[in-house]
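In: what follows is a predicted protein model with its sequence.
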Amino acid sequence: MQAWVIGNWKQNPATSQEVNALLDDLLSRVDAGERAKTQASKTQCHLMVAPSNIHLATVHTRLANSALLCAAQDVSAHSESTGAYTGDCSAQQVADAGATWTLLGHSERRQYHNESHNCLLNKLSHAFSQNLSVVFCIGETQEQYDNNQTFEIIDTQLSVIKDLLAQQPDITASLSERLIIAYEPVWAIGTGKVPTVAEVSKTHQHIKQTVAGFADMADTVTVLYGGSVNADNAESFAADTMIDGALVGGASLKADSFLAIADAFSQADTESNK
Ligand code: PEP
């Protein structure tokens, strides 16, 4: 399985000029890497960035001839298309702007926008109806981690997927291609604190088994780790076979660190294919 490394730019960068500078940096390094690609480093991971909606069309246009994909960070829960929902952006609108994927259920959306089970069920349904694939984010808070509730919390969050499949069983056949789960312990996001690789590995195994239990899937679901991944710790996460890639916040805002993380996962893929 080719790894995924996805940059969540959140509400960054501040200006179009800075977005273009980051893209210049990313594209020149990715192009140089492509040219220098040797037999030994042939396996590359999937790369994707999720800018804010205001920058989505620009980012899509600039990435059009590159290996990088473009994702939205969210879609409206109210309508997959149009309606009187001031401030919202629909799945159809972000797809039209060039997104092929969307993040959903990021802990910052759950925390600051009170996203509930039903809200996320609507968002997933709207995204899939508009042919967007989904990176579904889950994870426990520090308090829940301290109380050993990680699996319980994750099971509750994953039940949205189960309910979606009950509503739309036709999605099941393509689920492993259209859904990625990002396990992001809330306490690890933007804090510099990380769980051990063994802990992440055990949790990913649980997630894979749980999602497989919802649907008779041909392949196992891709599960990424997110939370303070950086150029220094990426290699240790990449070495574990249960960790299929990374969702990266802060370190995705610099081409250097983002591509160093991508290199760590590409290298691990190459080694496991030897
Ligand atoms: C995130 O917000 O999805 C994230 C993983 O952030 P960071 O890498 O900054 O912890």
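Out: Received, thanks. None of these values were measured; they are calculated from a predicted model. Residues are numbered from 1 along each chain as shown.
In: which strand residues bridge the closest residue to the ligand within the stretch 1-150 of the chain?
Out: As assessed by Cβ to the nearest ligand atom, the ligand sits closest to Asn8 within the stretch 1-150 of the chain, at 4.3 Å. Any C-beta I mention is one placed from the backbone N, CA and C, and that applies to glycine too. In this entry, Asn8 is beta-bridged to Ala50, by DSSP bridges.
In: centre of this protein to the edge, which residue is at the far end?
Out: Ala84 (28.9 Å; Cα atoms, centre = their mean).
In: and the ligand, is whatever helix or strand Gln209 lives in touching that?
Out: Using DSSP states H and E, Gln209 maps to helix 197-214. No - if you take Cβ under 6 Å from any ligand atom as the test, helix 197-214 misses the ligand, and the best it gets is 12.5 Å.
In: and after that helix, which helix or strand comes next?
Out: Counting by DSSP H and E, what follows helix 197-214 is strand 222-226.
In: for that next one, buried residues please.
Out: Buried residues in strand 222-226, counted by 16 or more other Cβ atoms under 10 Å: 222-226.
In: report all helices and strands that it contacts.
Out: Here strand 222-226 touches strand 4-8, strand 179-183, helix 197-214, strand 245-248, going by 3 or more Cβ pairs under 8 Å, 6 or more residues apart in numbering; DSSP states H and E.
In: residue contacts, whichever residue of the stretch 101-250 of the chain sits closest to the ligand?
Out: Per Cβ to the nearest ligand atom, the residue of the stretch 101-250 of the chain with the smallest distance to the ligand is Gly249, at 2.2 Å. Counting by Cβ atoms under 8 Å, 6 or more residues apart in numbering, Gly249 touches 7-8, 10, 189-190, 226.
In: now with 10 Å?
Out: Shown in contact with Gly249 (Cβ atoms under 10 Å, 6 or more residues apart in numbering): 7-10, 12, 106, 108, 184, 189-190, 226-229.
In: now those residues as JSON lines including pLDDT and distance to Ala71?
Out: JSON lines is the format used below for these (pLDDT from 0 to 100; distance: Cβ to Cβ, whole Å):
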{"residue": "Gly7", "pLDDT": "98", "distance to Ala71": "9"}
{"residue": "Asn8", "pLDDT": "98", "distance to Ala71": "9"}
{"residue": "Trp9", "pLDDT": "98", "distance to Ala71": "10"}
{"residue": "Lys10", "pLDDT": "98", "distance to Ala71": "12"}
{"residue": "Asn12", "pLDDT": "98", "distance to Ala71": "15"}
{"residue": "His106", "pLDDT": "98", "distance to Ala71": "11"}
{"residue": "Glu108", "pLDDT": "98", "distance to Ala71": "15"}
{"residue": "Glu184", "pLDDT": "98", "distance to Ala71": "15"}
{"residue": "Ile189", "pLDDT": "98", "distance to Ala71": "17"}
{"residue": "Gly190", "pLDDT": "96", "distance to Ala71": "19"}
{"residue": "Gly226", "pLDDT": "98", "distance to Ala71": "13"}
{"residue": "Gly227", "pLDDT": "98", "distance to Ala71": "18"}
{"residue": "Ser228", "pLDDT": "97", "distance to Ala71": "20"}
{"residue": "Val229", "pLDDT": "98", "distance to Ala71": "17"}
